[in-house]
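Colleague: quick one: sequence and predicted model below, then my questions.
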Amino acid sequence: MGAIFIHETAVVDPDVEIGSGSKIWHFSHVMSHCRIGKKCILGQNVFLGGTVEIGSGVKIQNNVSVYSGVKIEDDVFLGPSMVFTNVDAPRSFIEQKNYTKTLVKKGASIGANATIVCGNTIGTYAFIGAGSVVTRDVPDFAFMYGVPAKQQGWLSRAGARLYFEDGSTDSCEKTGEKYELRDQKVSLVPQ
Amino acid sequence: MGAIFIHETAVVDPDVEIGSGSKIWHFSHVMSHCRIGKKCILGQNVFLGGTVEIGSGVKIQNNVSVYSGVKIEDDVFLGPSMVFTNVDAPRSFIEQKNYTKTLVKKGASIGANATIVCGNTIGTYAFIGAGSVVTRDVPDFAFMYGVPAKQQGWLSRAGARLYFEDGSTDSCEKTGEKYELRDQKVSLVPQ
Amino acid sequence: MGAIFIHETAVVDPDVEIGSGSKIWHFSHVMSHCRIGKKCILGQNVFLGGTVEIGSGVKIQNNVSVYSGVKIEDDVFLGPSMVFTNVDAPRSFIEQKNYTKTLVKKGASIGANATIVCGNTIGTYAFIGAGSVVTRDVPDFAFMYGVPAKQQGWLSRAGARLYFEDGSTDSCEKTGEKYELRDQKVSLVPQ
């Protein structure tokens, strides 16, 4: 159960840590000094740049490149062909040594073919719709879409819509978990 | 003429049916129990998930992944880096067993880098512009673009604009084929 | 310093010219009769169609396909997963023999996941924002973004914003280089 699987067409450079139960599929490339947690899945043609850190339980769909400067926490879903960046104003003829950081927090989902402009943080359990372009920080539990992405509402951990005004609570229709909105921040209410 | 070509870097899993004259190019992967028709072209880094059905005469450009739950009819064009999905509200930590179905009907074209949200049907000979995000069903012969994609008009099989009011007909400027709009549905008028 | 590097997983077809110092990375494919200048970088899963010309100092990020009919001048940056096209109204069942040309001029940058509809010219040092869809010609030094992309302003070679009215000049805050806007065209003023 805990075996690591690396498909024979994938390339994993030296000095990479991979947690038990993780799988790396066809034509993917992991550069040196990456750290990948447990039970992760890297699909076809995934790329991890040098020193990238990926938490446990992360699913990275086909054609996603996670560049140096991007950090992925536990239980994140990166949809097919979503795109990160790590330089603000890239020019081929200007050497860029300092990468602009991007952080994707625990449990967040980024939809298919979305683009995350570097320098932003995607909050815990946030959800970015397919094809969106994210140009600013995304709050915890926020549901965003569009070009540029705008907040459309709130979602529970299970992905159900939540409706509230500031100071009120709502329950997830799938799990019954209770959430509170206070000062424009959503949090899970301990049961 | 009828030979099947599979590039030496491509991976085709066992129990795949491939029609005569079809070609599979570099770094592509076809999973088990797929059925591919005749004279299809799969470009570089194409992926077909398990049990996917592709009709005959289909062209799949580079970097397209057709996931389980997506069905492609004859003569469809899937532009470079267009993206399908197969789960409504993906979360890395929730197992999704039932894929939401997507159907691309005969002769339709999906433009470069477009995104098709799952659960929708792309009509016969419909045309989706480059970079669009499709979030609902697309009528036969409809021309759609934008984020989200909206209908901009009608196109003939040959890709020429058609102009009509309900109950009227128009002819394709390229082929002379005659089309009729009735009850907001376009059909080809038999000659 | 001048050695050419081709990763062992890349495929370079016969009769390709590659300039000194250029590197071709994992799972990339270069077709016959391409010409690549000096000190270029082709990332993972890059594709160059037959007879494509790439200038010197060009950086092509992961998952970019440069199709026949697209020409790339010196010092261009092609961001990750950006997408070109080469046919106006693609239909799988219609053979398209004449590609619609696209030109990316010296020093231009195209952002991550942007789409360039064929038939357009991207001007010298122009800058296309991430996730944009370009549907018309882009002036020299223009900064464009959106779907469809609209001009948002002007940028210097170093990527700093320039502000002027017609007939006036402005200086780059990074380099001090002086630019002039005249008849809605920006040019670098010789020092």
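Modeller: Now that the structure is in, tell me what you want to look at. Numbers count the residues shown, from 1 in each chain, chains lettered A, B, ... in the order given.

Colleague: show me the contacts for A:S65.
Modeller: Taking C-beta atoms under 8 Å, 6 or more residues apart in numbering or on different chains as the contact definition, A:S65 lies against A:46-49, A:83-84, C:44, C:61-63, C:80-81. (C-beta placed from N, C-alpha, C; glycine too.)

Colleague: name whatever forms a beta bridge with it.
Modeller: Beta bridges link A:S65 to A:F47 when assigned by DSSP bridges.

Colleague: so what's the backbone phi/psi at the residue in chain A sticking out farthest from the centre?
Modeller: For chain A, the residue at maximal distance from the C-alpha centroid (C-alpha atoms, centre = their mean) is A:F93, at 30.0 Å. Comment: the main-chain dihedrals of A:F93 come out as phi -100, psi 10, following degrees, to the nearest 10.

Colleague: about what we covered before: next, format the contacts of A:S65 as JSON lines and append secondary structure.
Modeller: As requested, these are arranged in JSON lines below (DSSP: H, G, I helix; E, B strand; the rest coil):
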{"residue": "A:V46", "secondary structure": "coil"}
{"residue": "A:F47", "secondary structure": "strand"}
{"residue": "A:L48", "secondary structure": "strand"}
{"residue": "A:G49", "secondary structure": "coil"}
{"residue": "A:V83", "secondary structure": "strand"}
{"residue": "A:F84", "secondary structure": "strand"}
{"residue": "C:Q44", "secondary structure": "coil"}
{"residue": "C:Q61", "secondary structure": "coil"}
{"residue": "C:N62", "secondary structure": "coil"}
{"residue": "C:N63", "secondary structure": "coil"}
{"residue": "C:P80", "secondary structure": "coil"}
{"residue": "C:S81", "secondary structure": "coil"}
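
Colleague: which of those tops the neighbour count?
Modeller: Within these, C:N63 tops the neighbour count with 32 neighbours, counted by other C-beta atoms under 10 Å in any protein chain shown.

Colleague: per-residue pLDDT, it?
Modeller: Reported pLDDT at C:N63 in the predicted model: 98.

Colleague: you'd agree A:M144 is up against A:Q151?
Modeller: Yes - counting by C-beta atoms under 8 Å, a contact exists between A:M144 and A:Q151, whose distance comes to 5.2 Å.

Colleague: what touches both of those two?
Modeller: The contact lists of A:M144 and A:Q151 share A:V138, where a contact means C-beta under 8 Å, 6+ apart.

Colleague: the two: who's more crowded?
Modeller: A:M144 (25 against 14).

Colleague: show me the shaky parts of chain A.
Modeller: With pLDDT under 70 as the threshold, chain A has low-confidence stretches at A:1.

Colleague: who in it is up against chain C?
Modeller: A:11, A:27, A:29, A:45, A:47, A:63, A:65, A:67, A:81, A:83-85, A:88-94, A:113, A:115, A:117, A:133, A:147 (C-beta under 8 Å from any C-beta of the partner chain).

Colleague: give me the buried subset of these.
Modeller: Among these, those that count as buried by neighbour count (16 or more other C-beta atoms under 10 Å in any protein chain shown) are A:11, A:27, A:29, A:45, A:47, A:63, A:65, A:67, A:81, A:83-85, A:89-93, A:113, A:115, A:117, A:133, A:147.

Colleague: what's the closest non-adjacent residue to A:Y99?
Modeller: A:G69 (3.1 Å; C-beta to C-beta, 6 or more residues apart in numbering or on different chains).

Colleague: and chain A, what are its domains?
Modeller: With automatic domain parsing as the criterion, the domains of chain A are listed as A:5-87+A:99-155, A:162-191.

Colleague: looking at these, which one is packed in the most?
Modeller: Neighbour counts (mean count of other C-beta atoms under 10 Å in any protein chain shown) averaged over each of the domains of chain A peak at domain A:5-87+A:99-155, with a mean of 22.

Colleague: strands - which of the residues of chain A next to chain C land there?
Modeller: In this view, the residues of chain A next to chain C that belong to strands under DSSP state E are A:11, A:29, A:47, A:65, A:83-84, A:115, A:133.

Colleague: excluding sequence neighbours, find me the nearest residue to A:I116.
Modeller: Here the nearest residue to A:I116 in space, its sequence neighbours aside, is A:V134; by C-beta to C-beta, 6+ apart that works out to 4.8 Å.

Colleague: if I pick that neighbour, what's in contact with it?
Modeller: For A:V134, the contacting residues are A:114-117, A:120, A:122, A:128, A:144, A:148-149, taking C-beta under 8 Å, 6+ apart as the criterion.

Colleague: among the residues you listed, list the two that are farthest apart in space.
Modeller: A:I122 and A:P148 (14.1 Å; C-beta to C-beta).

Colleague: related to what we said a few turns ago, quick one: which of the domains of chain A is nearest C:F5?
Modeller: Across the domains of chain A, closest to C:F5 is domain A:5-87+A:99-155 (C-beta to C-beta), at 14.8 Å.

Colleague: return the distance of the closest one from the chain's centre.
Modeller: 4 Å (C-alpha atoms, centre = their mean, to the nearest Å).

Colleague: now swap in stretch A:166-176 and tell me
Modeller: A distance of 24 Å separates the centroid of the chain from that of stretch A:166-176, by C-alpha atoms, centre = their mean.
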